[in-house]
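[1] Below is the sequence, then the predicted model.
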Amino acid sequence: MAEDIVVFRARKIITMDPSCPEATHVAVRDGRVLAVGGEAETSAWGPVRRDDRFRDLVLMPGLVEGHSHAMEGGVWSFTYTGFHARTDPEGRRWSGCDSIEAMIQRLIEADRAMADPEAPLFAWGFDPIFFGTRRVVAADLDRVSTTRPILILHSNGHVLNVNSVILRRAGITAATEVAGVVRDAQGEPTGELAEMAAKYMAHKVVGNPFYEALENPQTLRRFGMAANRTGVTTATDLFSALPDAAVDNYLRVTAEEDFPIRLVPAMNGQAMAIEEGVAKILRLRGRSTDRLRFGMVKLMTDGSIQGFSGRLRWPGYMGGRPNGVWNMAPEVLADYLDAYHAAGVQCHIHTNGDEAIEVMIGAIDRALQRTPRLDHRHTLQHCQMADAAQFRRMAALGICANLFSNHVYYWGEEHWAHTMGPDRARRINAARTAATSGVNFAIHSDAPVTPIGPLFTAWCAVNRLTAKGRVLGPEERISVPMALRAITLGAAWTLKLDHEIGSIEVGKAADFCVLQDDPLEVAPERLKDVKVWGTVLGGRPFPVAA
Amino acid sequence: MRINAGLRVPLTVIGGFLGAGKTTLVNALLAEPGGARLAVLVNDFGAVNIDASLIVAREGDTIALSNGCVCCAMGDDLGRGIATILARRPTPEHIVVEASGVADPWRIAEIALIDPDLVLAGVVVLADASGITALLTDPLVGETARRQLQAADLLFLTKPDLAPAESIEAARAALAELAPKARLLTVSHGAVPPEVVLGETGADRRLGPSRPARHASLFETVTLRPSRPLAEAELRAALDRLPAPVLRAKGLLRMAGETGRAWLVQRVGRRTEIAPHPLPTGAAEALVLIGTAGTDAAAEAFRPLGLTPVQALQIPR
């Protein structure tokens, strides 16, 4: 049956298969790669239907985002106020708010578009780090509205700015004696709220739609669109307690014919008692489908480096700032890891600071002594500050790394100047050292913390340019082929899916990323500018929506 | 008498590092809440060992007990947990939050300071008598443990039976230096009257069931009545002079030169709060002291202010 086999011809196919690195034709049957090579290989199976739509385009394996959050599809329900330009799931390019005035204007536009003058206005993505000592205050936001509550969630996800309406309703005044209520020289609250109590009170009076977005099927659909737009065919949602409602939501949306990606959620392994967590993830495994894979667990150890909440080894943060915070006592983290490890579950472990990395390498070492297990593929997520010795030990223990390469661009200057200093900043997200040490590694965006886009992430790992144009640790740059591997097979390996996705080989899923240019031919500094036509998922083309 | 007759729900935070005995204390409170309808927020049910005969219903993240208390797992968002509890009907009479082993309990306490629906009833931090001195110098978590202890109004030195006398002394010295504002108490197996953890709850102790003889030390409670309105500065000074045995003081009192409202006076450890409070109809003005042996004697110091001890009870052993 000719219709059963489709042969796509392309200008070039980058396969990531070392036995046939380049091809021009790929035959697809039943959603899988039947043959790959040239005319000869792909006609060997009998009559085919030819599809030449990619004749002038370049195919590579569908890109794999090993650390993202479906919330990337949820945040766009709110007004974007970030510093850098960013594209929403529908393809609208939002300019960056590169001044506080630009941010106010963005909010004024949003305010005008709202019918009810009392309805709350929520915004996200703002980062005061770019505006020196000038902070946003309630009076700025009162220029937008004095009738509706306005709440802006900073890009770090931990700090809020609110207007006077919220301060008033929350009863936050000069007399409010809790940490995290930022004050001006007169002691009046400025409207910037950090820490639990102040944020709790703001959300108590206006609600928390950011939280609610997680339960909305539209969030997943828009996440799929955002991923598709950047050539991604498999993406993780790397932290969810996976309540029944969320599981049902995943099952429902990933079963929709138009959903363009495979989704791999990781369960928040610490949200419940150890035995409960183990039982739950083993149970969920059985509910996996072709496009939805349960089975991974996420463990959180420390905070973030730019938030000074990551756990650092000596000499710690610059300027003698106190060390960061543990999300859980290290010995309890080790117990959780032990239990999941013994049950055969793969753990993705959030570690930013080098002390958190050290503790979790030790925990995995202990777990392996107790329950020897080959090919566990526990992965240190972010793993930003690992030094050479830690990478060597990770290699020895079979631990993978998923490096937060986008950090080099977005916060590299901050790390250089404020958090860890030039020496340690130079080797942040050390992909070259990971590679030479023999650590299997991927690179990621942590969307929505930074925008999803593996080619951009690869560009970061290849060029290591900060937002100000400094090359941060040229020795840690990797080649374009290495970076392309990290965003395909490398990431697939960390998800234990490298036998199904991540390269274009016979028997694997027919998941392709379709590009206008050849990423191996363009200048490395232009890697991020390679245009994405769309993707193919299981043999079905998904052009980027216009 | 019910001192806190307003709508604000008192909240106690129980903090302390892993293994300090928080769950034991929570279990003891749930079994014997001193007549108060508690809502207890815990990290997970796994460790809480509630007597099965007390459980009347279990629904999702909440366990309801026959004594009117509920125990809720807080999940990954404490703020949501508290909001859910506040929405329960009937509203709980007291909320107890068991902080996670690495949490800074003061950050949780601040929720009770900022939310007008809540009032902070104290931060109780537990420390394992035999382990605390080593913990304080632990390179990974020593700082976390110190932060927790510094947040305490009341410090419970736990598991004294497992610790040699010299380590108890070393622990006492370390804690006194680290948390000079806290009152320190040795507590074995969670055996401390609920009044110490919760403050005066208004339940009439004498009508309650007799308590098993397991409290290591004798606790006392003294009720004082005013013969005239008080001067705030004088009252504050007298409270600040209270000796170590007095762990808590709570009262609803009128101040000189004021009509139509009362002041809620609350002292936990060595932290005093005096805040205006609507004068509830029918509620008698009073100040109640709760502490260990010697509290009765300490009450005498209030006589010059016109506050006279009218009732002194030894909390049954």
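    On my side now, so go ahead. The model shown is predicted, which means the values in this text are computed figures rather than measured ones.

[2] quick check, A:Trp460 in a strand?
    Just to correct that, residue A:460 is Cys rather than Trp. No: counting by DSSP: H, G, I helix; E, B strand; the rest coil, A:Cys460 falls outside a strand, being helix.

[3] for it, what are its contacts?
    A:405-406, A:408-409, A:443 (CB atoms under 8 Å, 6 or more residues apart in numbering or on different chains). (C-beta placed from N, C-alpha, C; glycine too.)

[4] Check which helix or strand A:Arg50 maps to.
    Assigned by DSSP states H and E, A:Arg50 belongs to strand A:49-51.

[5] interface residues of chain B facing chain A?
    For chain B, the contact set with chain A under CB under 8 Å from any CB of the partner chain comprises B:17-18, B:44-47, B:75-80, B:82-83, B:100-102, B:106-108, B:110-111, B:113-116, B:140-141, B:143-144.

[6] Now with 7 Å, please.
    Contact residues, chain B versus chain A (CB under 7 Å from any CB of the partner chain): B:18, B:44-46, B:75-76, B:78-79, B:83, B:101-102, B:107, B:110-111, B:113-116, B:140-141, B:143-144.

[7] sec struct for the residue of the stretch 201-317 of chain B found nearest chain A, please.
    Closest residue of the stretch 201-317 of chain B to chain A, CB to the nearest CB: B:Glu273 (10.3 Å). Recorded secondary structure, B:Glu273: strand (three-state DSSP).

[8] Quick one: the strands in the stretch 1-150 of chain B, in order.
    B:9-16, B:38-42, B:55-59, B:62-65, B:70-73, B:94-98, B:118-128 (DSSP state E, counting those that start in this stretch).

[9] out of those, nearest to A:Ala396?
    For A:Ala396, the closest of the strands of the stretch 1-150 of chain B is strand B:118-128, at 35.7 Å, according to CB to CB.

[10] For that closest one, which strands pair with it and how are they oriented?
    Using DSSP bridges, the strands paired with strand B:118-128 are strand B:9-16 (parallel), strand B:154-158 (parallel).

[11] What sits closest to A:Pro120 if chain neighbours are left out?
    What sits nearest to A:Pro120 in space, not counting adjacent residues and going by CB to CB, 6 or more residues apart in numbering or on different chains, is A:Pro149, at 4.2 Å.

[12] Return the backbone torsion pair for that neighbour.
    phi -70, psi 140 (degrees, to the nearest 10).

[13] again, but for A:Met103
    Here is the backbone geometry of A:Met103 (degrees, to the nearest 10): phi -70, psi -40.

[14] near chain B, which residues of the stretch 101-250 of chain A show up?
    Counting by CB under 7 Å from any CB, the stretch 101-250 of chain A sits next to chain B at A:171, A:176-179, A:195-198, A:200-201, A:203-204, A:241.

[15] Which members of the residues you listed come out as buried by neighbour count?
    By neighbour count, with 16 or more other CB atoms under 10 Å in any protein chain shown, these hold A:176, A:178, A:195-198, A:200-201, A:203-204, A:241 as buried.

[16] Just the local confidence number for the one residue sitting closest to the centre of chain B, please.
    Nearest to the mean C-alpha position of chain B, counting by CA atoms, centre = their mean, stands B:Val197 at 2.7 Å. Reading off the confidence values, B:Val197 has pLDDT 95.
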